[in-house]
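J.: Provided below are the primary sequence and the corresponding predicted coordinates.
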Amino acid sequence: MKKNDQVKLAKEILRIESCAISRLRSRIGKDFEKAVQWMEACKGRVILTGMGKPGFIARKIAATMASTGTPSLYLHPAEAVHGDFGMVTSKDILIAISQSGESEEIIRLLPLIKKKGVKLIALTSMPKSSLGRNADIVLDLGVRREACPLNLAPSASTTASLALGDALALCLLKKRGFRSEDFAELHPAGSLGRRLLKVQDIMRTGKSNPLVGPTTTVRQALLKITSSRAGSCTLVDLQGKLAGVFTDGDLRRHLKIEGEKILNRSVKEVATLKPRYIHKDKLAEEAFHIMESLRIDELPVVDHLKRVVGLLDVQDLMRAGRV
């Protein structure tokens, strides 16, 4: 094949696949809406199944649903008839993907699905197929030809299945009111999840958050900082509200002038009384930018009443993978 022929074929393949997705838009209607409603009301799990290439698509859709708040898993149809169907309950919803609707392994599941009373949603291009006739809801892929030049390798049909599966998963996400905060909880190790971490998720609290009152001496404050293994302590008033911070920078500045006499002074006299702070509900990403721009290593964390509830150290951000 000549180079120009390869480019021409590639463009034609992409045109066919993009058209397969475009045509899906006209097929989105009441059946799609009903499918989303069923999944939202599902008391069990949404189970995806498919054989061969559609099976890989089913796995991906199941993973997308699980990561966006919908309990979901992939069931291999061949393994299902050898015992794995035991994981399916009457409370579940099963989504089967088959371009022809006649995949042998899928057809063998139909009696089991009916017997257990599981709701069945079919993604197929053949609504009148065995799968289509036995499904409670049929979402027609509408793919009449694959992008494969031989019209054999699943291509346009798997692309359409994936796009329709994403539409189901993401419409369900919206309907459930799934938030970025929920996404972060389900992706604690991923870069996307780390970007959505809140300050309260990684801040230091309790003994690791050294707090001192207005009458505390510098000597006592230093001992508290040391025992907490922190780099500063936070000064609070009688209501626990932020009144200042005492850092090693404050210590060095006054130590240079006063020497050891500073140790017996009130920490309030040498602390920074109008420090930067951050709210516990803010993103760790925002805290990082504040600390980076001001070249500071720690930030007091407050609640909506400006009461000190924690301390954020740059090391906490490093451990969380933010920097």
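T.: Ah, there it is. Please read all numbers here as calculations on a predicted model, not as lab measurements.

J.: Output the strand or helix carrying residue 38 as PDB, nothing but the C-alphas.
T.: If you go by DSSP states H and E, residue 38 is part of helix 30-41. Coordinates of each C-alpha in helix 30-41 appear next as PDB, following Å, rounded to 0.1, in the frame of the first residue of the first chain:
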ATOM      1  CA  LYS A  30     -36.800   7.600  26.400                       C
ATOM      2  CA  ASP A  31     -35.100   4.200  26.500                       C
ATOM      3  CA  PHE A  32     -31.800   5.900  27.400                       C
ATOM      4  CA  GLU A  33     -33.500   8.000  30.100                       C
ATOM      5  CA  LYS A  34     -35.200   4.900  31.500                       C
ATOM      6  CA  ALA A  35     -31.900   3.100  31.700                       C
ATOM      7  CA  VAL A  36     -30.300   5.900  33.700                       C
ATOM      8  CA  GLN A  37     -33.300   6.000  36.000                       C
ATOM      9  CA  TRP A  38     -33.100   2.200  36.600                       C
ATOM     10  CA  MET A  39     -29.400   2.400  37.400                       C
ATOM     11  CA  GLU A  40     -29.900   5.300  39.800                       C
ATOM     12  CA  ALA A  41     -32.600   3.400  41.600                       C
END
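
J.: And the closest residue to residue 313 other than its chain neighbours, its phi and psi?
T.: In space, and not counting its chain neighbours, residue 313 is closest to residue 298: 5.1 Å by Cβ to Cβ, 6 or more residues apart in numbering. Glycine gets a C-beta too; all of them are placed from N, C-alpha and C. Backbone dihedrals for residue 298, given as degrees, to the nearest 10, come out at phi -140, psi 150.

J.: Likewise for the one 10 residues further on?
T.: Dihedral angles phi and psi of residue 308 (degrees, to the nearest 10) take the values phi -80, psi 120.

J.: ok, residue 94 to residue 117 distance?
T.: 11 Å (Cβ to Cβ, to the nearest Å).

J.: These two - which one has more neighbours?
T.: For the pair residue 94 and residue 117, the greater number of neighbours falls to residue 94 (25 against 10), based on other Cβ atoms under 10 Å.

J.: For the more buried one, list each beta-bridge partner.
T.: residue 47, residue 120 (DSSP bridges).

J.: from memory it sits against residue 119, does it?
T.: Yes: using Cβ atoms under 8 Å, residue 94 is in contact with residue 119, at 7.1 Å.

J.: need the contact list for residue 300.
T.: Contact analysis of residue 300 by Cβ atoms under 8 Å, 6 or more residues apart in numbering lists 234, 242, 245, 275, 277-278, 308, 310-312.

J.: before we move on, the earlier item: give me the contact list for the helix holding residue 38.
T.: 46, 70, 93, 119, 121, 137-139, 167-168, 171-172, 175-176.

J.: Mark which of those are buried, thanks.
T.: Buried residues within those, counting neighbours by 16 or more other Cβ atoms under 10 Å: 46, 70, 93, 119, 121, 137-139, 167-168, 171-172.

J.: Closest one to residue 59 out of these, please.
T.: Distances from residue 59 to those, taken as Cβ to Cβ, are shortest for residue 46 (13.0 Å).

J.: Not counting residues beside it along the chain, what's closest to the closest one?
T.: With sequence-adjacent residues excluded and distances taken as Cβ to Cβ, 6+ apart, residue 46 is closest to residue 72, at 4.5 Å.

J.: any idea which of the contacts of residue 300 is closest to residue 58?
T.: Looking across the contacts of residue 300 and measuring by Cβ to Cβ, the closest to residue 58 is residue 312, at 42.3 Å.
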